[in-house]
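Student: structure of the sequence below:
(one chain, ligands or ions: 1)
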Amino acid sequence: MNHSIVAPDSDSSLLFNRMGDAAMELATARWRSGGEGVGAKALVAHAKIREAPLASEADNPNRRDFLTVAATSWAAVGAAATLWPLVQQMNPDASTQALASIEVDLAPVKEGQAITVMWRGKPIFIRNRTKSEIDAAAKTPIGDLKDGKARNGNLPETAAATDQNRVNKDHANWLVLVGICTHLGCIPKGQALADAKGDFGGWFCPCHGSHYDTSGRIRKGPAPENFPVPPFQFVTDSKIRIG
Ligand code: FES
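Tutor: Residues are numbered from 1 along each chain as shown. The predicted structure is shown next:
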């Protein structure tokens, strides 16, 4: 069966809406309740712009603006939209839902900015890292890490948690993560401009005090594992497909 994808784009599916925190909380609640992938419309947009970048700020590598973006996308199961009612009625099984993918346009995300998109009911953190963030992650010795595994869905399970193994080798500035704390599942802070980012400049989970670095690796606190890197690939230099 051919599994086609209805990808978000800047004109339609990818929405930059000024929605409230309630949208993200709704998405999180939905994920926690196991609601992901129910029915063929496996992914619904929940997002907002938290800190829309000013043009003058976007060019400043020292200025981090954060966008939280909701992508409305659909996992179109089947070869054509005409199959939609039938598929919806069939309520595809987990193996079919597992194929759900989204495409994300990275072009609007300038260096130092971050966005959040929803994929299969989970928040995906995407950060366009600055050179200093990359350098900080790259120079960290493996021995300093709590979790030595890359946990990159694009690499073998045995891959070590070097920064190189956490990103696409041709696009090392782009960090793509499942943004769920590996302790008890809170959504860590670090995407918004005003957020605390922890002792290592990445993300901070205030629930119990877990600190993640600029490679999304757990460095301090009770969380046991690095943020997973979802399976994804670059479709073009400025667009990725997740899933
Ligand atoms: S859930 Fe993040 S530290 Fe406990």
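
Student: enumerate the residues of the protein near the ligand.
Tutor: The chain comes close to the ligand at residues 181, 183-186, 205, 207-210, 221-223, as judged by C-beta under 6 Å from any ligand atom. Using the backbone N, CA and C atoms, a C-beta is placed for each residue, glycine as well.

Student: buried residues, stretch 139-150. List them.
Tutor: Neighbour-count burial for stretch 139-150, counted by 16 or more other C-beta atoms under 10 Å, picks out 140, 145-147, 149-150.

Student: what about these, which are in strands?
Tutor: Residues of those located in strands (DSSP state E): none.

Student: what's the farthest-apart pair in those residues?
Tutor: Thr140 and Lys149 (14.5 Å; C-beta to C-beta).

Student: mind putting the buried residues of stretch 139-150 in CSV, distance to Pro108 and pLDDT included?
Tutor: Shown next, in CSV, are those (distance: C-beta to C-beta, whole Å; pLDDT from 0 to 100):
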residue, distance to Pro108, pLDDT
Thr140, 29, 98
Leu145, 32, 98
Lys146, 34, 98
Asp147, 32, 98
Lys149, 32, 98
Ala150, 28, 98
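
Student: out of the residues you listed, who's nearest Thr236?
Tutor: Thr236 lies nearest to Ala150 out of those, by C-beta to C-beta, at 24.7 Å.

Student: which of the helices or strands spans Gly202?
Tutor: strand 201-205 (DSSP states H and E).

Student: and the contacts of that strand?
Tutor: By C-beta atoms under 8 Å, 6 or more residues apart in numbering, the surrounding residues in contact with strand 201-205 are 125, 133, 136, 179, 181, 183, 186, 188-191, 195-198, 210-217, 219, 221, 223, 227.

Student: chain neighbours aside, what residue packs nearest to Phe200?
Tutor: Leaving aside its chain neighbours, Phe200 sits nearest to Asp213 (3.7 Å; criterion: C-beta to C-beta, 6 or more residues apart in numbering).

Student: now the chain, which segments are flagged as low pLDDT?
Tutor: 1-99 (pLDDT under 70).

Student: re earlier: after the strand holding Gly202, next one along is what?
Tutor: Sequence-wise, the next helix or strand downstream of strand 201-205 (DSSP H and E) is strand 210-213.

Student: what's next to the helix or strand following that next one, contact-wise?
Tutor: The first helix or strand that comes after strand 210-213 along the chain, using DSSP H and E, is strand 218-220. Strand 218-220 is contacted from outside by 144-147, 182, 198-200, 202, 209-213, 224-227, using C-beta under 8 Å, 6+ apart.

Student: please enumerate the strands of this protein.
Tutor: Counting by DSSP E, the strands of the chain are 14-15, 70-71, 102-105, 114-119, 122-128, 174-178, 201-205, 210-213, 218-220, 232-236, 239-242.

Student: switch the ones you listed over to a markdown table; also include mean neighbour count and distance to Ala160.
Tutor: Conversion of those to a markdown table gives the following (neighbours: other C-beta atoms under 10 Å; distance: least, C-beta to C-beta, whole Å):
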| stretch | mean neighbour count | distance to Ala160 |
| --- | --- | --- |
| strand 14-15 | 20 | 34 |
| strand 70-71 | 26 | 31 |
| strand 102-105 | 24 | 27 |
| strand 114-119 | 26 | 25 |
| strand 122-128 | 23 | 21 |
| strand 174-178 | 23 | 17 |
| strand 201-205 | 25 | 18 |
| strand 210-213 | 26 | 15 |
| strand 218-220 | 21 | 15 |
| strand 232-236 | 15 | 20 |
| strand 239-242 | 19 | 23 |
